[in-house]
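Colleague: what's the 3D shape of this:
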Amino acid sequence: MKKFLVLYHGPATPPDASHEGWPQWFHKLGDHLVDRGSPMTHGHSLRGDSSTGDSRVSLNGYSIIQAEEMGEALRLLHDHPYLSLGNEYTLEIFALG
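Modeller: Sure, this is the predicted structure:
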């Protein structure tokens, strides 16, 4: 099986945001879940000229799943609870390796 990095992209979620449905969704993935991941906050950028600054990318977290191919990975993610937060919240999927 191939591994896929799932990035949670969207505006910052409020501190009191509900994570209802997430434990059940992770459980449903079974062996397809490699790493539940973690929320991400306060990103910084480091540039080639050594300057730094706040990240311009609005990433909220990541997970790693495994599937036979990208189509299967997308099917596994179609009902992810993060997508129910609104159209400005998206999942980005990248094949690893």
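Colleague: quick one: the strands in the protein?
Modeller: 2-9, 33-39, 44-46, 52-54, 59-67, 90-95 (DSSP state E).
Colleague: for Leu74, which of those strands is the nearest?
Modeller: strand 90-95 (6.7 Å; CB to CB). The way it works is simple: take the backbone N, C-alpha and C, and place the C-beta from them, glycine included.
Colleague: need the residue in the chain that's farthest from the chain's center.
Modeller: The centre of the chain is farthest from one residue, Asp49, which by CA atoms, centre = their mean lies 29.3 Å away.
Colleague: what sits against that residue?
Modeller: Going by CB atoms under 8 Å, 6 or more residues apart in numbering, Asp49 touches no other residue.
Colleague: quick one: low-confidence ranges for this structure?
Modeller: Low-confidence segments of the chain, defined by pLDDT under 70: 14-16, 18.
Colleague: could you redo the last one with a cut-off of 80?
Modeller: 12-19 (pLDDT under 80).
Colleague: show the backbone phi and psi for the residue farthest from the centre of the chain.
Modeller: Here is the backbone geometry of Asp49 (degrees, to the nearest 10): phi -90, psi 10.
Colleague: any idea how far Thr90 is from it?
Modeller: 31 Å (CB to CB, to the nearest Å).
Colleague: rebuild the strands of the chain as CSV, extending it with mean neighbour count and distance to Gln24.
Modeller: CSV is the format used below for the strands of the chain (neighbours: other CB atoms under 10 Å; distance: least, CB to CB, whole Å):
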stretch, mean neighbour count, distance to Gln24
strand 2-9, 18, 17
strand 33-39, 14, 12
strand 44-46, 10, 34
strand 52-54, 10, 34
strand 59-67, 18, 15
strand 90-95, 13, 17
